[in-house]
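> any chance you could fold what I've pasted below:
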Amino acid sequence: MGRACAAMTVLRRNNLLWRWLSLAPLLALLIVFTVVPVAGLVWMSFHDRQWQSGIGVWRFVGLDHWREFTSNLYYWPGLRNTVVFAVCAVSLQMLLGFFMALSVSRAQGWLRGLLTTVFLLPVVVPPIVIGAMWKLLLGTEFGGVNAALALLGVPAIDWLGNPALALPSIILVDVWHWTPFVFILLLAGIEGLPQDALEAARLDTLSAWQSLRHIMLPLMAPTIAITLVFRIILTFKVFDEVYLLTSGGPGTATEVVSFSIQRTFFGRDDVGLGSVMSVFTLFVVALLAVLAIAASRRRRSD
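Coordinates of the predicted model:
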């Protein structure tokens with residue numbers, strides 16, 4: 001009996017050791033590409049870099065950068081715009097992406113392949129092409145959108161130069177570009193649903209809306225949560241559309257946090273203040289991701 005217990009103890013230790021060895025490469029990558037960069041940002045946020053004879057000299061400045069950060073003229077409008085951008089863009093993408101995924105899952109034959117191809121086209125277009133294409137479409141004098149409106153007798157609209165319309169225009173471009181990403185993830189979730197549960201809903205003569213609300217959506221809660229978190233993170237990283245279409249203007253109408261950080265890091269060469277912005281943005285994104293996952297789990301439990 002004692003030998004059997006000792007053998008079981010050794011076996012458990014070997015299993016535990018094997019698990020840690022299996023996780024070691026992942027932990028190493030996590031430390032190198034996540035923990036070390038974040039720790040470096042935190043360290044730089046308390047230091048200032050000055051160039052002396054081409055050599056960067058670091059000096060501890062305490063909370064000076066954090067105090068300057070609280071009254072920054074670009075970051076806070078950029079954070080407000082980014083939150084508005086994230087809420088509007090992600091909401092539209094989730095709704096449209098789910099509708100598109102549902103349509104494809106119910107299509108048959110050649111129509112299924114056609115819809116999938118058409119829906120996925122925007123996400124494979126390079127960002128530089130998207131910027132050039134939408135700048136041509138939304139141009140004030142020769143834009144395709146204004147040309148179409150002119151046929152209806154509507155005067156030209158300055159989509160990218162009007163502070164009230166610039167951010168909605170950027171949101172429109174992002175929805176067009178990234179809805180296919182949401183679509184393909186939700187389609188995978190729908191295709192992976194247990195067919196017996198859906199068949200039981202049909203046998204119970206549930207309506208399409210009842211089946212969607214009480215069967216499909218609860219089962220898809222993990223997929224929806226993962227997709228939502230991905231899109232929240234990516235919207236806080238939006239840069240290409242803003243840079244190519246408006247460069248943050250007019251004024252701060254389309255200023256976003258990634259643009260503020262880029263301008264501070266590389267435009268002003270102020271790595272201390274840029275690190276503060278990065279650390280604070282990382283905290284906001286992590287908080288939003290946790291709230292999104294918690295809301296999804298609460299909905300699933302209900």
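> could you use CA atoms for every contact and neighbour count after this?
Will do.
> so who does Ala208 touch?
Listed by C-alpha atoms under 8 Å, 6 or more residues apart in numbering, Ala208 has no contact partners.
> check it and give its pLDDT.
Note on Ala208: pLDDT of 71.
> quick one: it from His214, how far?
10 Å (C-alpha to C-alpha, to the nearest Å).
> can you dump the C-alpha atoms of stretch 45-54 in CSV for me?
What follows is stretch 45-54 as a C-alpha-only set of coordinates in CSV (Å, rounded to 0.1, in the frame of the first residue of the first chain):
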residue,chain,number,x,y,z
SER,A,45,7.0,56.9,-17.5
PHE,A,46,9.0,57.9,-14.4
HIS,A,47,12.1,59.0,-16.4
ASP,A,48,13.1,61.6,-18.9
ARG,A,49,15.5,61.0,-21.8
GLN,A,50,17.9,63.7,-23.0
TRP,A,51,20.3,63.4,-25.9
GLN,A,52,23.9,64.2,-25.1
SER,A,53,26.4,63.8,-28.0
GLY,A,54,24.0,61.4,-29.7
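> give me the contact list for that stretch.
By C-alpha under 8 Å, 6+ apart, stretch 45-54 touches 56-66, 270-276.
> from those residues, which land in strands?
Gly56, Val57, Trp58, Arg59, Phe60 (DSSP state E).
> and the first one, how far is that from Ser247?
Using C-alpha to C-alpha, Gly56 is found at 29 Å from Ser247.
> looking at these two, which one has more neighbours?
Taking neighbours as other C-alpha atoms under 10 Å, Gly56 and Ser247 compare with Ser247 leading, 17 against 11.
> next helix or strand past the lowest-mean-pLDDT helix or strand in the chain?
Lowest on mean pLDDT, DSSP states H and E among the helices and strands of the chain sits helix 195-203, with a mean of 67. Next helix or strand after helix 195-203 toward the C-terminus (DSSP states H and E): helix 208-211.
> same question for the helix or strand just after that following helix, mean pLDDT?
Along the chain past helix 208-211, the next helix or strand (assigned with DSSP H and E) turns out to be helix 217-219. Per-residue pLDDT over helix 217-219 has a mean of 82.
> only alpha carbons, please: show the helix or strand following helix 217-219 as PDB.
The first helix or strand that comes after helix 217-219 along the chain, using DSSP H and E, is helix 221-236. Output of helix 221-236 as PDB, limited to C-alpha atoms (Å, rounded to 0.1, in the frame of the first residue of the first chain):
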ATOM      1  CA  ALA A 221     -22.100  33.800 -25.600                       C
ATOM      2  CA  PRO A 222     -18.400  32.700 -25.400                       C
ATOM      3  CA  THR A 223     -17.800  33.300 -29.100                       C
ATOM      4  CA  ILE A 224     -19.600  36.700 -28.900                       C
ATOM      5  CA  ALA A 225     -17.500  37.700 -25.800                       C
ATOM      6  CA  ILE A 226     -14.200  36.800 -27.500                       C
ATOM      7  CA  THR A 227     -15.200  38.600 -30.700                       C
ATOM      8  CA  LEU A 228     -16.200  41.700 -28.700                       C
ATOM      9  CA  VAL A 229     -13.000  41.700 -26.700                       C
ATOM     10  CA  PHE A 230     -10.900  41.400 -30.000                       C
ATOM     11  CA  ARG A 231     -12.800  44.300 -31.600                       C
ATOM     12  CA  ILE A 232     -12.500  46.500 -28.500                       C
ATOM     13  CA  ILE A 233      -8.800  46.000 -28.400                       C
ATOM     14  CA  LEU A 234      -8.400  46.600 -32.200                       C
ATOM     15  CA  THR A 235     -10.600  49.800 -32.100                       C
ATOM     16  CA  PHE A 236      -8.300  51.300 -29.500                       C
END
